[in-house]
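In: the sequence isn't on hand, but the structure is:
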């Protein structure tokens, strides 16, 4: 079944303006969220150049919307990771045959927020890491839960944290997140960027993604920024 996400994106690409929700329309739904524990292994906060993290957790609109609201995050963009440059195109990625996942690239200040903290948010409110090749209404390998470490240290921290979460049974099922080093990130088309922020009334956003941002604010108020990055 074609996902609601793909349908909306296809309409956007064709230049069709989607209507906002009517008053009394769909209520907030969203995926289950948790408050994952602080990572036992992490990098200490210290001044330095901006660092990069790349995560995939279903539709990139919502994942971008979560991470752009974290203090210390300076920029977030939606895109694709896992495949090659030739197929980093939304309509092709939607086939599920490219190796790409919808992903977000996060630029963050290591003096303000750690990679471990970003992992904690990723596994708490950005998506459900126990769903295999799907998130919410979207299905296919392009919606898989994945981490694309930019350094060997990031890969090590991600593996350690997944082990910590599984041992603690933070989620009721085993985490299926893959760790895929050495994969380049490709920015998505312009109409995908800042989508949640620019289109807060679109039904897909209201039902699937705004609850993630609300969960970030509720579960991690110390991390939440009233102003989006970028």
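Out: Looks like it came in fine. What you see is a predicted model, and the numbers here were worked out from it, not measured in a lab.

In: find the residue at the geometric middle of the protein.
Out: residue 63 (2.7 Å; Cα atoms, centre = their mean).

In: got a list of what that residue touches?
Out: By Cβ atoms under 8 Å, 6 or more residues apart in numbering, the residues touching residue 63 are 55-57, 78, 102-104, 126-127, 212. Where you see a C-beta, it was placed from the backbone N, CA and C, and this is true even at glycine.

In: closest one to residue 94 out of these, please.
Out: residue 102 (9.4 Å; Cβ to Cβ).

In: what's the local residue count around residue 173?
Out: 12 (other Cβ atoms under 10 Å).

In: next one: residue 181
Out: Counted with other Cβ under 10 Å, residues neighbouring residue 181 total 13.

In: just send the contacts of residue 63 back as CSV, with neighbour count too.
Out: Converted to CSV, the contacts of residue 63 look like this (neighbours: other Cβ atoms under 10 Å):
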residue, neighbour count
55, 28
56, 31
57, 28
78, 23
102, 30
103, 29
104, 27
126, 28
127, 26
212, 25
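
In: for the chain, just list every one of the strands.
Out: Counting by DSSP state E, the chain has strands at residues 51-57, 73-81, 101-108, 134-135, 138-139, 145-147, 178-179, 185-187.

In: what's the closest of those strands to residue 220?
Out: Nearest of the strands of the chain to residue 220, taken as Cβ to Cβ: strand 73-81 at 12.6 Å.

In: I'd like to know which elements the closest one is packed against.
Out: On a contact count with 3 or more Cβ pairs under 8 Å, 6 or more residues apart in numbering; DSSP states H and E, strand 73-81 meets helix 60-67, strand 101-108, strand 185-187.

In: so residue 87 sits against residue 96, correct?
Out: No: the criterion here is Cβ atoms under 8 Å, and residue 87 misses it with residue 96 at 11.2 Å.

In: lowest-pLDDT helix or strand in the protein?
Out: helix 4-13 (a mean of 48; mean pLDDT, DSSP states H and E).

In: contacts only, for the nearest residue to residue 184 once chain neighbours are set aside.
Out: Excluding the flanking residues, the one nearest residue 184 by Cβ to Cβ, 6 or more residues apart in numbering is residue 81, at 6.9 Å. When contacts are counted by Cβ under 8 Å, 6+ apart, residue 81 touches 54, 56, 100-101, 103, 146, 148, 180, 183-186.

In: which residues of this protein fall in helices?
Out: In the chain, the segments counted as helices under DSSP state H are 4-13, 60-67, 90-93, 115-121, 152-168, 195-198, 203-204, 210-219.

In: out of those, flag the one nearest residue 34.
Out: The closest of the helices of the chain to residue 34 is helix 210-219. By Cβ to Cβ, the value is 8.1 Å.

In: quick one: buried residues of that closest one?
Out: 210-213, 215-216, 219 (16 or more other Cβ atoms under 10 Å).

In: could I get the average pLDDT for stretch 154-170?
Out: Per-residue pLDDT over stretch 154-170 has a mean of 97.

In: run the chain-centre distance for it.
Out: From the chain centre to the centre of stretch 154-170 is a distance of 18 Å (Cα atoms, centre = their mean, to the nearest Å).

In: what's next to it, contact-wise?
Out: With Cβ under 8 Å, 6+ apart, stretch 154-170 has contacts from 34, 36-37, 39-43, 53, 115-116, 119-120, 123, 129, 147, 149, 171, 174-175, 177, 179, 181.
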